[in-house]
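J.: Build me a structure from this.
(chains A and B)
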Protein chains: 2
Amino acid sequence: LGSGTFADVRRMLNGLPAADVAHLLESSPPKFRHILWQMVEQEDEGDVINELGDELRLHFLSDMNAAEVAQITEHLQDDDLVDILQQLPDRVTREVLDSMDHRDRARLEQVMTYPDDTAGGLMSTDTITIRPPLTFDVVLRYLRRHAEIPPMTDNLIVVNRNDQFIGLLPLNTLLVSDPSSTVRERMITDIPPIPADMPDDEVARLFERNDWVSAPVVDQQGRLLGRITIDDVVDVIREDADHSLTSMAGLAEDLDTFAPVFYTASRRALWLGINLLTAFLAASVINLFQDTIEKVVALAVLMPIVASMGGIAGTQTLTVMVRGMALGHVGKHNESWLINRELAVGLLNGILWAAVVAVAASLWFDDWNIGLIIAAAMIISLLAAALTGATLPLLLKRMKIDPALAGGVVLTVTDVVGFLSFLGLATWFYV
Amino acid sequence: LGSGTFADVRRMLNGLPAADVAHLLESSPPKFRHILWQMVEQEDEGDVINELGDELRLHFLSDMNAAEVAQITEHLQDDDLVDILQQLPDRVTREVLDSMDHRDRARLEQVMTYPDDTAGGLMSTDTITIRPPLTFDVVLRYLRRHAEIPPMTDNLIVVNRNDQFIGLLPLNTLLVSDPSSTVRERMITDIPPIPADMPDDEVARLFERNDWVSAPVVDQQGRLLGRITIDDVVDVIREDADHSLTSMAGLAEDLDTFAPVFYTASRRALWLGINLLTAFLAASVINLFQDTIEKVVALAVLMPIVASMGGIAGTQTLTVMVRGMALGHVGKHNESWLINRELAVGLLNGILWAAVVAVAASLWFDDWNIGLIIAAAMIISLLAAALTGATLPLLLKRMKIDPALAGGVVLTVTDVVGFLSFLGLATWFYV
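T.: Numbering: from 1, shown residues only, chains lettered A, B, ... in the order given. Alright, predicted model coming up:
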């Protein structure tokens, strides 16, 4: 890509779909990224902005004023536009809304009343609605007048006089049925519509389980508000999965892979700082046992083994829990089974590797006592790892805190318990 | 759920969609799971098996003989059936195939020639094909004879006399156009079909970027083999995201949250064993400095801080790399930029937290030398963490090994470098 002339690159870039341009921007270091962005035709900027990840999108938007934002985003779908507006400072959002005509603004403001992470925040308002008494003949003529049907329309939505949801008429049914059939005869009424306040991860699970392409969204009175399409649900699935991965390492979700140095360093510094505090906590535990270590230096050599094994076991348990919670597998009725399972697994693996470590350490330092001590510490440590790794994310969830953030605490607990049990037992034995 | 009578539970269970039953099984501990499974009507077993995760599916299938498998799966779609067959031992797969009629077997065997993780392995063969000269009137009559159109059909596929792919005719176009139009006039020809050997993650990216509901799959001669639908792509996206999360903790992807104790313990033991080896490696580094530690016990107190900060920094870098690679952001042209960025971030955060640690350690042990030593070790350690975390996954990928498996090695390197730099500098200074 670096080899072509400027004009060639520009021509190639503007021949690509917006999603590919966005992917190219996301895969480019900052300097190159800005050159690319300047080459994007202004009329395509809205589509490209729409396809970008949160961090990078905000980066480009922050350079624009309200008029520019309004101009490049005017042709976007409601749900996409709302996503963008919700990222902007309130003042800019207000200005963009003010620049719209009355009807557009009213529709957008309605969508914006629903939080970003609910069905209402995911929906677009480009529905095609029909009434039950119509014959297929009439519906087909009505559709032909539309000239274009919105993408991902697999169903027409059947509503009553008060705009309340009644059922769905699949386009496929329309295609294969006798033109004299009526909507009432052939519509599907056993699929419940999605309430606007349903959390987005629940929406994603419904789509996955039922293999939907689109689904209607209603308010508390059953009135049709809009519809959610699978492309937006796929984004939710990606983001949720991304979230578990990145937050376990103390990183922001939807982060920009090629963010510049200072930005990246400052975003990661906090997590390192928290870890430094907890590391000092672990160090102060070791500090209690200075005399013992002075007497038996082998303890200083072996103590990281206990802490490290506890850390790995704790991370495994935590990962299983965080993942199980994200998938909706874990609930009140099976929590205690899971905690017990993790304790049993911790005990089994504790005994297994304690035996191995005991033999290895005893032979290394020619002292069977140190083998017994490290074995006991290892079992205690793996049990503590299982207990913390299993209960902490449940506790955090109950406190409405992201369970994936438990990582740092789990490692602190396994470090502290590891050092305390190993050095404590050693002190009791040797001193 | 535990409170209803047996008959109530059975009635409720068999009223649920297969995906919900599968979710219920996945959310249940083993004992309860088997009771539930026995309540599932035999005719629904195939659908439920189809919706289960790999581990649990294999668990139930392993209790069945070939005839049972063939019976419960006979109504599944090709791609789903092939997924199931590929999980079974070769002998059972052979028997199931032999029990089918000739045409079904031939079709399945063709799909099975493509690996599970390629476009060919994802596709189903339930396509509706049409020829270019037809008028919409004729196409509509042809569809009405079908009575049912396969789910997720948004396009009819246009092929020539040799069954080679020519283009797509969206059902929406068919609905809104004049019945006298011909397929040739209105078909879309600028969407390239998917080659059967394309890796599944690339297929997922194409679907995401282009907002497809379904896409045609062709062989090397351009002949239509089948089509891929968004529901199977969503599974790929879930699994890929799951994969990064679980393999970084040394766990299997698509694991069963409620797997029994012995199974879970044995699956996790290997990763713990590998970690034990590397922990002994780190311990042997400390062992080199026994004399120094005996002289200055504060070193034993502070050394886990250096190792722990290196571990956190290395994990952050590794997570960014593994995620960037999974999203297709990282390639040869931007690798070196990323490595440099990570080194710069490591240096900045190294300097920041080294300063904090230096002051804290100096005050704690009333010795400014130990502060300087730990500061230097911290900077070296964070640079090593950045270098390993950034280069190792790239190296593994080049060797066709899963980059997410780098976790263990990164922690070992940061431990070894942390202990070596801290204790090494201390020995040089104090001894």
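J.: Report the distance from stretch A:84-102 to the chain centre.
T.: A distance of 26 Å separates the centroid of the chain from that of stretch A:84-102, by C-alpha atoms, centre = their mean, to the nearest Å.
J.: measure that stretch end to end?
T.: From the first residue to the last, stretch A:84-102 extends over 19 Å; the measure is C-alpha to C-alpha, to the nearest Å.
J.: in what helix or strand does whatever residue of the stretch 101-250 of chain A ends up closest to chain B lie?
T.: Closest residue of the stretch 101-250 of chain A to chain B, C-beta to the nearest C-beta: residue A:241 (3.0 Å). Heads up, the C-betas are built off the backbone N, CA and C, glycines and all. Take DSSP states H and E as the rule and residue A:241 turns out to sit in helix A:230-248.
J.: which ones are touching the residue of the stretch 101-250 of chain A closest to chain B?
T.: When contacts are counted by C-beta atoms under 8 Å, 6 or more residues apart in numbering or on different chains, residue A:241 touches A:326, B:237-238, B:241-242, B:245.
J.: what's the farthest-apart pair in these?
T.: Using C-beta to C-beta, the two most remote members of the contacts of residue A:241 are A:326 and B:237, lying 13.9 Å apart.
J.: quick one: low-confidence parts of chain A?
T.: A:1-4, A:147 (pLDDT under 70).
J.: how's it carved up into domains?
T.: A:6-122, A:129-231, A:261-430 (automatic domain parsing).
J.: Of those domains, which is nearest residue B:183?
T.: Taking C-beta to C-beta, domain A:129-231 is the member of the domains of chain A nearest to residue B:183, at 14.8 Å.
J.: How far does that closest one stretch from one end to the other?
T.: Length of domain A:129-231, first residue to last, C-alpha to C-alpha: 21 Å.
J.: rewinding a little: could you point out which of the contacts of residue A:241 is nearest to residue A:29?
T.: The shortest approach to residue A:29 among the contacts of residue A:241 belongs to residue B:241, at 24.8 Å (C-beta to C-beta).
J.: Please enumerate the strands of chain A.
T.: With DSSP state E as the criterion, chain A has strands at A:129-130, A:155-159, A:165-170, A:194-195, A:214-218, A:224-229.
J.: which residues touch the third one?
T.: Applying C-beta under 8 Å, 6+ apart, the external contacts of strand A:165-170 come out as A:130, A:132, A:139, A:154-160, A:183, A:186-189, A:191, A:193, A:216, A:218, A:222-224.
J.: swap the cut-off to 7 Å and go again
T.: Strand A:165-170 has contacts (C-beta atoms under 7 Å, 6 or more residues apart in numbering or on different chains) with A:130, A:132, A:154-160, A:183, A:186-189, A:191, A:193, A:216, A:218, A:222, A:224.
J.: Same check on the fourth one?
T.: For strand A:194-195, the external contacting residues (C-beta under 7 Å, 6+ apart) are A:119, A:203, A:215-218, A:228.
J.: Apply 10 Å and report the result again.
T.: A:118-120, A:122-123, A:165, A:202-203, A:206-207, A:212, A:215-220, A:222, A:225-228 (C-beta atoms under 10 Å, 6 or more residues apart in numbering or on different chains).
J.: Give me the buried entries from those.
T.: A:118-120, A:122-123, A:165, A:203, A:206-207, A:212, A:215-219, A:225-228 (16 or more other C-beta atoms under 10 Å in any protein chain shown).
J.: How much space separates the residue lying closest to residue A:417 once chain neighbours are set aside from residue A:426?
T.: Excluding the flanking residues, the one nearest residue A:417 by C-beta to C-beta, 6 or more residues apart in numbering or on different chains is residue A:384, at 4.1 Å. Per C-beta to C-beta, to the nearest Å, residue A:384 is found 17 Å from residue A:426.
J.: Kindly report the same for residue A:308.
T.: For residue A:308 relative to residue A:426 (C-beta to C-beta), the value is 17 Å.
J.: Repeat that for residue A:331.
T.: 42 Å.
J.: One more: residue A:114?
T.: Residue A:114 sits 59 Å away from residue A:426, going by C-beta to C-beta.
J.: What is the burial count for the residue nearest to residue A:417?
T.: Residue A:384 sits with 23 neighbouring residues when counted by other C-beta atoms under 10 Å in any protein chain shown.
J.: Likewise for residue A:396?
T.: By the measure other C-beta under 10 Å, the count of residues near residue A:396 is 18.
J.: Ok, residue A:240 next?
T.: If you count neighbours by other C-beta under 10 Å, residue A:240 ends up with 19.
J.: isn't residue A:50 right next to residue A:57, touching?
T.: Yes. The criterion here is C-beta atoms under 10 Å, and residue A:50 meets it with residue A:57 at 8.1 Å.
J.: list the residues that contact both of these two?
T.: Taking C-beta under 10 Å, 6+ apart as the criterion, residue A:50 and residue A:57 both touch A:22, A:83-84.
J.: residue nearest the centroid of chain A?
T.: The centroid of chain A falls nearest to residue A:240 when counting by C-alpha atoms, centre = their mean (2.2 Å).
J.: contacting residues around the closest residue to that one other than its chain neighbours?
T.: Distances taken as C-beta to C-beta, 6+ apart place residue A:201 nearest to residue A:240, at 5.6 Å, with adjacent residues excluded. Contact analysis of residue A:201 by C-beta under 10 Å, 6+ apart lists A:117, A:236-237, A:239-240, A:243, A:326-328.
J.: one more time with 8 Å
T.: Residue A:201 is in contact with A:236, A:240, A:326, A:328, counting by C-beta under 8 Å, 6+ apart.
J.: What of residue A:425?
T.: Applying C-beta under 8 Å, 6+ apart, one finds that residue A:425 lies in contact with A:373, A:376-377.
J.: what's the answer for residue A:289, then?
T.: Contact analysis of residue A:289 by C-beta under 8 Å, 6+ apart lists A:299, A:419, A:423-424, A:426-427.
J.: Nearest to chain B among the shared contacts of residue A:50 and residue A:57?
T.: Distance to chain B, by C-beta to the nearest C-beta, is smallest for residue A:22 among the shared contacts of residue A:50 and residue A:57, at 8.2 Å.
J.: tell me the contacts of the nearest residue to residue A:330 once chain neighbours are set aside?
T.: Excluding the flanking residues, the one nearest residue A:330 by C-beta to C-beta, 6+ apart is residue A:324, at 4.5 Å. With contacts defined as C-beta under 8 Å, 6+ apart, residue A:324 is in contact with A:330, A:338, B:257.
J.: so the second one touches residue A:390, yeah?
T.: Yes. Counting by C-beta atoms under 8 Å, a contact exists between residue A:338 and residue A:390, whose distance comes to 6.2 Å.
J.: more neighbours, those two?
T.: Taking other C-beta under 10 Å, residue A:338 and residue A:390 do not tie; residue A:390 has more neighbours (26 against 21).
J.: check contacts around that one.
T.: Counted by C-beta under 8 Å, 6+ apart, residue A:390 has contacts A:317, A:321, A:338-339, A:342-343.
J.: Tell me which entries of those lie within helices.
T.: Secondary structure defined by DSSP state H assigns A:317, A:321, A:338-339, A:342-343 of those to helices.
J.: a markdown table for those, including distance to chain B?
T.: Below are the ones in helices among the contacts of residue A:390 laid out as a markdown table (distance: C-beta to the nearest C-beta, whole Å):
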| residue | distance to chain B |
| --- | --- |
| A:317 | 9 |
| A:321 | 9 |
| A:338 | 7 |
| A:339 | 11 |
| A:342 | 8 |
| A:343 | 9 |
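J.: Determine which two of those residues are furthest apart.
T.: In terms of C-beta to C-beta, the ones in helices among the contacts of residue A:390 reach their longest pairwise distance at A:321 and A:343, which sit 12.9 Å apart.
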